[in-house]
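In: what follows is a protein structure lacking sequence information:
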């Protein structure tokens, strides 16, 4: 999202009443920015391979049907990891052949549905593969692969690192006997035609991501040599491209990653293998902004504190792990214009009833006052999928926006959660359930 477009959108959101006393939190998605990222992803891989590439958006990052439909229109499919995510992708019009099912805990019913629809499946482990064997007695129409863990190590955020020695995902490739077992899985099942790995995540350097891709490519070559034919025709390299949360710059880029793969794993991109990618955060994060009104401005222990309506319910990771997930904050006045107040060190607090509910602590920003607006930047991914119901705080409305002839136009993506919906979700129609 460009700074100019963001500033236009914030001002328009205030002027058009998207942010108000009744709705003190609102989230914005830059439609043009999302389209630009989708185009950049397609172009990055088109520049390094002539083979077919399916870019499947990781639905977990932004599970909103209009977002999935927008990406689908831009040639991006869907990577799903639950029945709910699959339902969202189908509601968005994503075709089965552009959908990939990944999950470490697929049920038989989930697998049966995927095969009935013709959706690609990546099996996580030998037990799941045995389950697929039973379902595949009469043949499998869906592309099927096995997920392997190259065990290349963790990044700077351990909880997100999927390729550690003890990761719960996939078959651990460096464990004793594992590599031979994977080769045998393929030789025993001629219908296994894909191989999958996902080594990337926030906090993983590109070189380490490429190392994971190289490992799975080498395994694909070994399996095909053992089979005496190109049994594996498609390699799913996952996603996990890190996002720069420190500035407006997009770094690293899809193009930089694709070029690195061309340099480190040229055989993968020489046209013999189709590719699947599963990027999420890198496509959407920079194009989201969460706005909140400053309800009160106070001072405690000589520290100015702006108390807003955006806290742990919309930025759970940031509040509980601010070192790993810091957010940039931009300050605007009550009219939605960039604040010109003198800068001072202050806290940006959320509404939840615990002291650590802070979007930013000790941050130098224009001094905020009651009625001003704060914007939490780079919140397009995971900040709409990780709502936290503490204090029964509602999910905020989400709006897409575009700029035409200098005017900002908004389109509702998700309505704000109402108090009635909160009550219903909390068993409001079962008030007598425990009384008898």
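Out: On my side now, so go ahead. If you're wondering where the values come from, they're calculated on a predicted model, not measured in any experiment.
In: C-alpha only now, for contacts and for neighbours.
Out: Will do.
In: which element, helix or strand, includes residue 225?
Out: In the assignment (DSSP states H and E), residue 225 maps to helix 206-227.
In: what is the mean pLDDT for that helix?
Out: Across helix 206-227, pLDDT averages out at 94.
In: ok now that helix, how far from the chain's centre?
Out: 25 Å (CA atoms, centre = their mean, to the nearest Å).
In: then stretch 351-366?
Out: With CA atoms, centre = their mean, you get 24 Å for stretch 351-366.
In: also stretch 283-295?
Out: How far stretch 283-295 lies from its chain's middle: 15 Å, per CA atoms, centre = their mean.
In: and for that stretch, what's in contact with it?
Out: 1, 10, 19-20, 24-31, 33-34, 37-38, 62, 243, 248, 250, 306-310, 368-382 (CA atoms under 8 Å, 6 or more residues apart in numbering).
In: again, only this time at 6 Å
Out: 1, 24-30, 33, 37, 307-310, 370-381 (CA atoms under 6 Å, 6 or more residues apart in numbering).
In: quick one: the most centrally placed residue in the chain and residue 112, what's the gap?
Out: The residue lying closest to the centre of the chain (CA atoms, centre = their mean) is residue 61, at 2.2 Å. If you measure residue 61 against residue 112 using CA to CA, to the nearest Å, the figure is 25 Å.
In: how about residue 371?
Out: Taken as CA to CA, the span from residue 371 to residue 112 is 53 Å.
In: between these two, point out the one with more neighbours.
Out: A direct count of neighbours by other CA atoms under 10 Å for residue 371 and residue 112 places residue 371 higher, at 19 against 14.
In: my guess is the more buried one contacts residue 334, does it?
Out: Yes: between residue 371 and residue 334 there is a contact under CA atoms under 6 Å: 5.3 Å.
In: any idea how far residue 276 is from residue 70?
Out: Distance, residue 70 to residue 276, by CA to CA: 19 Å.
In: with neighbour numbers in mind, choose between the two.
Out: Legend: neighbour count by other CA under 10 Å for residue 70 and residue 276, higher for residue 276 (24 against 17).
In: and that one, helix, strand or coil?
Out: Secondary structure state of residue 276, per DSSP: H, G, I helix; E, B strand; the rest coil, is strand.
In: now do the contacts for it.
Out: 53, 54, 55, 236.
In: repeat the analysis, applying 7 Å as the threshold.
Out: Shown in contact with residue 276 (CA atoms under 7 Å, 6 or more residues apart in numbering): 53, 54, 55, 56, 235, 236, 237.
In: surely the first one meets residue 275?
Out: Read it as residue 53. Yes: using CA atoms under 7 Å, residue 53 is in contact with residue 275, at 4.6 Å.
In: which of those two has more residues huddled nearby?
Out: residue 275 (24 against 18).
In: so what's that one up against?
Out: So residue 275 contacts 52, 53, 54, 234, 235, 236 (CA under 7 Å, 6+ apart).
In: that one bridge partners, please.
Out: Under the criterion DSSP bridges, residue 275 forms beta bridges with residue 53, residue 235.
In: and it, how close does it get to residue 194?
Out: Applying CA to CA to residue 275 and residue 194 gives a distance of 9 Å.
In: now for those two: what residues contact both?
Out: By CA under 7 Å, 6+ apart, the residues touching both residue 275 and residue 194 are 234, 235.
In: which secondary structure elements does the strand or helix carrying residue 376 sit against?
Out: Residue 376 is located in strand 373-377, with elements delineated by DSSP H and E. Applying 3 or more CA pairs under 7 Å, 6 or more residues apart in numbering; DSSP states H and E, one finds that strand 373-377 contacts strand 288-300, strand 329-332.
In: partners of the first one in the sheet?
Out: For strand 288-300, sheet partners with direction are given as strand 25-30 (antiparallel), strand 303-308 (antiparallel), strand 373-377 (antiparallel), following DSSP bridges.
In: buried residues, it. List them.
Out: By 16 or more other CA atoms under 10 Å, the buried positions in strand 288-300 come out as 288, 289, 290, 291, 292, 293, 294, 295, 297.
In: can you list those in JSON lines and add pLDDT and distance to residue 147?
Out: Below are those laid out as JSON lines (pLDDT from 0 to 100; distance: CA to CA, whole Å):
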{"residue": "288", "pLDDT": "97", "distance to residue 147": "31"}
{"residue": "289", "pLDDT": "97", "distance to residue 147": "34"}
{"residue": "290", "pLDDT": "98", "distance to residue 147": "35"}
{"residue": "291", "pLDDT": "98", "distance to residue 147": "39"}
{"residue": "292", "pLDDT": "98", "distance to residue 147": "41"}
{"residue": "293", "pLDDT": "97", "distance to residue 147": "45"}
{"residue": "294", "pLDDT": "98", "distance to residue 147": "47"}
{"residue": "295", "pLDDT": "97", "distance to residue 147": "48"}
{"residue": "297", "pLDDT": "98", "distance to residue 147": "51"}
